[in-house]
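Participant: Just to be clear, the model below is a prediction. Sequence and coordinates:
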Amino acid sequence: MSETTSTTPATTEKKEETFEFQAEVGRVMDIIINSLYSDKDIFLRELVSNAADACDKKRFLTVTSDADTMDQSPPQIRVRADPDKQVIIIEDSGVGMTRDELINNLGRIAQSGTKNFMDALGDGSADVNLIGQFGVGFYSAYLIADRVEVVTKSMQAGSPQLRWESDSGNSFTISDAEDADPIEGSGTRLILHVKDDAMHYLEPSKLEQLLQRYSEFIEFPLSLWKDSTEYEKVPDLEANKDLAEGEEPKMKTVPVTKSEYTTMNSQKPVWLRPPKEVTEDEYQEFYKAAFKGSFDEPQKWTHFRLEGQVECKALLYIPGMLPFELSKDMFDEEARNIRLYVKRVFINDKFEDIMPRWLKFVKGVVDSDDLPLNVSREILQKSKVLSIINKRLVRKSLDMFRELADDEDPSKYIMFWNNFGKYLKVGIIEDEKNKKDLIPLLRFYSNKSGEEYTSFDKYVEGMPEAQKSIYYVTGEGRKNAMQLPVVEKLTSRGFEVLLMTEPLDEITIEAIRDYKDLNVVDATKEGLDLEDDEDTKKEKEELNEQYIDICEFLEVELKGMVQKVTVSTLLTDSPAALVQGAYGVSPTMQRYMKAQSVASGGADGNLDSMNQAVLEINPKHSIVQDLQKMVNSDKDSEETRNFALLMYDVASMTGGYEVQDASAFAKRVMSMMSDKAGQGGSDGKVVAELETVVTEPETVVAEPETVVTEPETVVAEPETVVTEPETVVAEPETVAEPEAKKEDEENDDDKAIEPEIIV
């Protein structure tokens with residue numbers, strides 16, 4: 001302890017020394033070349049951008065300098081590949097570099113000559129459009145080259161032509177380059193000695209693709225050395241052999257291949273111009289040029305500039321049709337419709353945070369100097385700047401949608417909705433901040449709209465005074481949704497019902513709790529409250545008491561299929577209807593979720609809890625009244641049970657549910673048909689039909705044992721139809737003998753009683 005205490009004063013009096021970080025240059029270069037960039041294609045973008053900066057510096061110095069001795073030649077950029085020498089040459093007629101600038105700008109890593117130039121300008125008010133920021137773009141050349149030569153000549157009077165050379169190791173050399181091809185005026189020539197594994201970059205077509213992708217809007221003329229084929233007319237020597245004097249010589253067309261520099265950036269960046277100066281034709285031409293896979297005309301566009309805390313220029317388009325890449329997958333990751341530029345240079349089109357995914361279909365360009373890019377300019381970092389740009393892009397997109405919806409020609413918005421309506425529905429689900437702005441843009445069919453769409457605003461305008469909520473139902477298609485028994489509840493009172501005919505519709509509408517102080521209510525859910533008067537409520541209570549026996553009977557027979565059975569006063573034409581409990585899921589959604597579960601390899605057993613079906617019966621319907629009588633007389637009979645199950649099956653089908661036991665349902669229907677045939681058919685027909693069913697089972701069911709061994713399934717009372725010969729077959733005076741037939745013809749009363757005897 002004492003030793004520790006005695007050393008404390010010495011510690012406080014220690015000397016501090018400052019050291020500079022040391023770095024292994026070769027290792028740093030290796031990191032920059034192999035780890036900083038994820039795509040080798042970036043090299044051409046970076047080097048052309050450097051050349052553009054050099055040209056911009058020259059333009060600025062030429063305008064501001066008083067010296068007449070400076071090079072006045074117009075700036076330009078040229079790219080050429082030489083497969084024979086295995087080199088790519090990028091040459092600009094920009095400002096060039098002196099010996100000191102070569103050492104500082106290329107020999108010092110992360111030393112940005114562009115940034116130093118901007119700092120030297122002072123307040124930054126100069127009219128320059130420089131791209132470079134980090135001082136590492138030049139080293140992207142080593143992505144595809146194992147050795148780089150730089151031949152340069154400064155625009156300063158009397159500057160020599162110099163050569164800088166390095167193989168990306170720890171050193172570089174600078175020497176005179178008088179032996180190289182002379183540079184006219186001033187400028188820089190980069191010679192990239194291409195690696196063996198990057199030989200495909202020597203193809204002019206590959207270079208053309210990269211230049212058009214990344215640098216098509218560079219301000220200065222950008223050209224590529226490439227072969228072009230032209231067709232010329234020349235005399236046809238063979239055809240002109242026997243040409244008579246004075247005749248016109250015959251000509252033929254031959255292809256002529258020329259190698260020359262071809263301009264790559266003829267398209268102008270219209271988003272940088274004031275919107276008032278851009279014509280409609282220019283907007284449409286730019287749309288087709290910037291999005292080369294688009295063969296449609298844009299339906300609408302918006303061109304704006306964001307100033308203040310963040311500066312941004314943008315041009316957004318609504319396509320005239322759904323892009324092909326989105327027709328198979330509405331959120332296809334390969335669909336890159338928002339192109340990000342920084343000072344005319346294309347950066348990327350993969351940034352997910354620049355626009356929400358429900359606006360995936362919107363195409364456009366965004367150009368901002370304030371975007372937080374990483375050093376390689378491939379990754380967009382999250383920041384407040386990005387959030388501000390995102391909000392403005394969404395707001396401008398919504399403005400375009402509203403303008404289409406308010407257009408005098410309603411077909412414009414209908415076309416937009418048919419193409420992109422599903423994206424707006426996703427926006428309702430995913431974008432809580434913009435949900436209120438999206439709801440008025442939604443369109444659905446209704447029981448009153450016919451073949452046309454209706455909106456929430458139009459729905460509210462047509463509401464009766466007594467209606468206090470917005471009602472909707474779900475179903476597969478308009479026809480099936482219209483046939484739902486629950487629609488009767490609302491149409492009987494003159495209420496309009498919105499039809500949700502797709503799985504996405506149901507998810508969307510569930511995210512909308514209210515609109516303009518009106519609740520949005522699912523009419524297929526249990527306990528639909530239409531704010532009845534006291535008399536109606538009292539009537540319903542009385543009916544519940546009156547039909548309590550049938551409700552209890554049905555709950556027992558339908559155990560596991562429904563949660564409970566209730567009496568409804570709102571059904572008119574249907575005897576019963578299936579509705580879902582408060583937390584139940586519609587049959588359409590149940591099928592969709594089961595299919596999704598099976599597709600993902602899961603089991604659908606855990607989805608049964610989502611089915612909370614409730615059976616509502618119509619006490620005024622004759623079928624329910626007949627069932628009530630049957631329950632009171634003999635509720636344990638098979639006939640009563642089949643009658644009840646058949647009513648449930650019909651309610652299931654009309655409600656959009658699947659019949660769980662199709663075989664049992666078919667038997668119940670056949671039994672009912674047999675009984676009906678026995679009641680309404682003539683004597684001979686009934687006997688013939690019954691004989692056919694009993695003696696020829698194969699004509700009815702492929703497996704005869706199902707008919708022969710279970711006669712009670714086909715003929716409910718065999719003792720009445722088959723085994724009582726005195727009634728149907730064995731009594732000659734009733735069926736077979738002509739004398740009895742004559743008596744029947746003479747006696748109308750006997751003839752009227754005869755069908756009852758058969759039954």
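Facilitator: Received the coordinates, thanks.
Participant: wait, what's in contact with the closest residue to residue 86 other than its chain neighbours?
Facilitator: Nearest residue to residue 86, sequence neighbours excluded (C-beta to C-beta, 6 or more residues apart in numbering): residue 194, at 5.2 Å. Any C-beta I mention is one placed from the backbone N, CA and C, and that applies to glycine too. Listed by C-beta atoms under 8 Å, 6 or more residues apart in numbering, the contact partners of residue 194 are 86, 87, 88, 144, 145, 201, 202.
Participant: which element follows the helix or strand encompassing residue 626 toward the C-terminus?
Facilitator: In the assignment (DSSP states H and E), residue 626 maps to helix 622-634. Sequence-wise, the next helix or strand downstream of helix 622-634 (DSSP H and E) is helix 638-654.
Participant: Against which helices or strands is that next one packed?
Facilitator: For helix 638-654, the elements it packs on are helix 548-557, strand 576-580, helix 622-634, helix 662-680, judged by 3 or more C-beta pairs under 8 Å, 6 or more residues apart in numbering; DSSP states H and E.
Participant: residues of the first one that come out buried?
Facilitator: Going back to what we said before, that points to helix 548-557. By neighbour count on 16 or more other C-beta atoms under 10 Å, the buried set for helix 548-557 is 550, 551, 553, 554, 555, 557.
Participant: got a list of contacts for that helix?
Facilitator: With contacts defined as C-beta under 8 Å, 6+ apart, helix 548-557 is touched by 544, 562, 564-567, 615, 617, 624, 627-628, 631-632, 635, 641, 644-645, 648.
Participant: ok, now with 10 Å
Facilitator: For helix 548-557, the surrounding residues in contact (C-beta atoms under 10 Å, 6 or more residues apart in numbering) are 544, 547, 561-567, 576, 615, 617, 619, 624-625, 627-632, 635-636, 640-641, 644-645, 647-648.
Participant: Weed out the non-buried ones from those residues.
Facilitator: If we count by 16+ other C-beta under 10 Å, the contacts of helix 548-557 have these buried: 547, 561-563, 565-567, 576, 615, 617, 619, 624, 627-628, 630-631, 635, 640-641, 644-645, 647-648.
Participant: Narrow the contacts of residue 194 to those in strands?
Facilitator: The strands, defined by DSSP state E, take in 87, 88, 145 from those.
Participant: Now for the first one, how many residues are close by?
Facilitator: When neighbours are defined as other C-beta atoms under 10 Å, residue 87 has 18 of them.
Participant: roughly how far apart are it and residue 141?
Facilitator: Residue 87 is 12 Å from residue 141, where distance means C-beta to C-beta, to the nearest Å.
Participant: show me what contacts residue 418?
Facilitator: 321, 322, 443, 453.
Participant: same deal with residue 40?
Facilitator: Neighbour list for residue 40: 140, 143, 144, 195, 197, 198, 201 [criterion: C-beta under 10 Å, 6+ apart].
Participant: And the pLDDT for the second one?
Facilitator: What the model reports as pLDDT for residue 143 is 90.
Participant: Kindly reformat the helices and strands packed on helix 638-654 as JSON lines containing mean pLDDT and distance to residue 245.
Facilitator: Converted to JSON lines, these look like this (pLDDT from 0 to 100; distance: least, C-beta to C-beta, whole Å):
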{"stretch": "helix 548-557", "mean pLDDT": "88", "distance to residue 245": "111"}
{"stretch": "strand 576-580", "mean pLDDT": "83", "distance to residue 245": "99"}
{"stretch": "helix 622-634", "mean pLDDT": "89", "distance to residue 245": "107"}
{"stretch": "helix 662-680", "mean pLDDT": "75", "distance to residue 245": "95"}
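Participant: helix/strand/coil for residue 223?
Facilitator: Classification of residue 223 using DSSP: H, G, I helix; E, B strand; the rest coil returns strand.
Participant: Nearest spatial neighbour of it, chain-adjacent residues omitted?
Facilitator: Nearest non-adjacent residue to residue 223, counting by C-beta to C-beta, 6+ apart: residue 261, 3.9 Å away.
Participant: Now do the one you found against residue 55, distance only.
Facilitator: Distance of residue 261 to residue 55, given as C-beta to C-beta: 16 Å.
Participant: quick revisit: turn the contacts of residue 418 into TSV, including neighbour count.
Facilitator: Formatted as TSV, those follow (neighbours: other C-beta atoms under 10 Å):
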residue	neighbour count
321	16
322	16
443	19
453	18
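Participant: Going by distance to residue 515, which of these wins?
Facilitator: Here the nearest of the contacts of residue 418 to residue 515, counting by C-beta to C-beta, is residue 443; it sits at 13.9 Å.
Participant: Correct me if wrong: that closest one contacts residue 422.
Facilitator: No: here residue 443 lies out of contact with residue 422, judged by C-beta atoms under 10 Å, at a distance of 11.3 Å.
Participant: Mutual contacts of residue 87 and residue 141, please.
Facilitator: Common contact partners of residue 87 and residue 141 (C-beta under 10 Å, 6+ apart): 147, 190, 191, 192, 193.
Participant: Which of those fall within strands?
Facilitator: If you go by DSSP E, those have 147, 190, 191, 192, 193 in strands.
Participant: which residues does residue 260 contact?
Facilitator: By C-beta under 10 Å, 6+ apart, the contact set of residue 260 is 223, 224, 225, 226, 227, 228.
Participant: Report the beta-bridge partners for it.
Facilitator: Using DSSP bridges, the bridge partners assigned to residue 260 are residue 226.
Participant: How confident was the prediction at it?
Facilitator: Looking at residue 260, the pLDDT reads 90.
Participant: What count of nearby residues applies to residue 458?
Facilitator: Neighbourhood size, residue 458 [other C-beta under 10 Å]: 14.
Participant: looking at it, it is touching residue 449, isn't it?
Facilitator: Yes: applying C-beta under 10 Å as the test, residue 458 and residue 449 come out as touching, 8.4 Å apart.
Participant: joint contacts of these two?
Facilitator: Contact criterion C-beta under 10 Å, 6+ apart; residues shared by residue 458 and residue 449: 443, 496.
Participant: Quick check: phi and psi on the residue most central in space within the chain?
Facilitator: Among the residues of the chain, the one closest to the centroid is residue 330, at 2.5 Å (C-alpha atoms, centre = their mean). Backbone torsions for residue 330, taken as degrees, to the nearest 10, come to phi -70, psi -20.
Participant: about what we covered before: show the buried residues in the contacts of residue 40.
Facilitator: Listed as buried from these are 140, 143, 144, 195, 198, 201; burial here means 16+ other C-beta under 10 Å.
Participant: Between these, which sits nearest residue 272?
Facilitator: Comparing the buried ones among the contacts of residue 40 against residue 272 with C-beta to C-beta places residue 140 closest, at 25.5 Å.
Participant: ok but the closest one is inside a strand, no?
Facilitator: No: counting by three-state DSSP, residue 140 falls outside a strand, being helix.
Participant: quick one: contacts for it?
Facilitator: Here residue 140 is in contact with 32-33, 36-37, 40-47, 50, 376 (criterion: C-beta under 10 Å, 6+ apart).
Participant: Tell me which helix or strand residue 175 sits in.
Facilitator: According to DSSP H and E, residue 175 maps onto strand 173-176.
Participant: Does anything pack onto that strand? Which helices or strands?
Facilitator: strand 161-166 (3 or more C-beta pairs under 10 Å, 6 or more residues apart in numbering; DSSP states H and E).
Participant: Rounded mean pLDDT for the strand it packs on, please.
Facilitator: Per-residue scores along strand 161-166 average to 93.
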